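Undergrad: sequence first, predicted model second:
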Amino acid sequence: MPLKIRSKKSNVLELIGLFYTVIQPFIERSPYFHNLPTDVRRVLIENNLNGTGAFNSLFAAIEAKVFDNELYTTTCNEIYGADYIKESLHLMSRIESNGTLIKMMLIILAFSSNCSLVLPEHASNLTNTSATSSVILIHIQDEFIIILWKYLVYQYGFIEAVRRLDYLVKNYLDTLNRINENNSKQHGDMVDLIVEKTVHSLTLDS
């Protein structure tokens, strides 16, 4: 592959990777995370970073208007395939526009025992997390969900709050479907590396 093409793809993947890595300081600021046992923190990152990173990437791409850049769009088509990008753009056009709701949803998902696709190599991790810390994780999620619900009702009223919450959950499920249909090895390798580095940073160094 010519050096110029490799450089373009590298730049795009670096930006997408940045959208994933910002999840780290987001989680790191939560005292709940540091109160968890090290092995549980590791499992949460391994199980949830792919999903939360992808969800944040879609919203961040909207905020940054990256697809207004023709070169960025063309390079994404080369990495992921034109059909995949077309469907992703369609999903982005329907995603919740309130950034506060997105951030609240991300922190709730980050403390899930598993909010991504269940991979065979992580199946035992999911079981271990549920057995050792399910009560703690449910308690943490309950607190954040209560805050989310109160915010929704305050901002939109009860009926619209129900609709917005349903819409937010659907946005995330649609994101998981996008992950499932992503066949880019370059993207997969990038996410694996980010997960590995985040696990090291938020468990061994904390």
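TA: Looks like it came in fine. Numbering: from 1, shown residues only.
Undergrad: so what's G51 closest to, chain neighbours aside?
TA: Closest residue to G51 in three dimensions, ignoring its sequence neighbours and counting by Cβ to Cβ, 6 or more residues apart in numbering: S116, at 3.6 Å. Glycine gets a C-beta too; all of them are placed from N, C-alpha and C.
Undergrad: okay, the one you found: pLDDT?
TA: Predicted confidence (pLDDT) for S116: 74.
Undergrad: go on, R6?
TA: Confidence per residue is given as pLDDT, and for R6 that number is 49.
Undergrad: one step back: how many other residues sit next to the residue nearest to G51?
TA: By other Cβ atoms under 10 Å, 22 other residues sit near S116.
Undergrad: need the contact list for it.
TA: Taking Cβ atoms under 8 Å, 6 or more residues apart in numbering as the contact definition, S116 lies against 47-52, 176, 179.
Undergrad: and those residues, which is closest to S112?
TA: Taking Cβ to Cβ as the measure, S112 lies nearest N48 of these, at 6.0 Å.
Undergrad: please verify my assumption that that closest one contacts C115.
TA: Yes: with contact taken as Cβ atoms under 8 Å, N48 and C115 are classed as touching, separated by 5.0 Å.
Undergrad: what sits in contact with each of the two?
TA: Residues touching both N48 and C115 by Cβ under 8 Å, 6+ apart: L109.
Undergrad: distance of the residue nearest the centre of the chain from Y156?
TA: Residue closest to the average C-alpha location in the chain (Cα atoms, centre = their mean): T52, at 1.4 Å. In this structure, T52 lies at 24 Å from Y156, with Cβ to Cβ, to the nearest Å as the measure.
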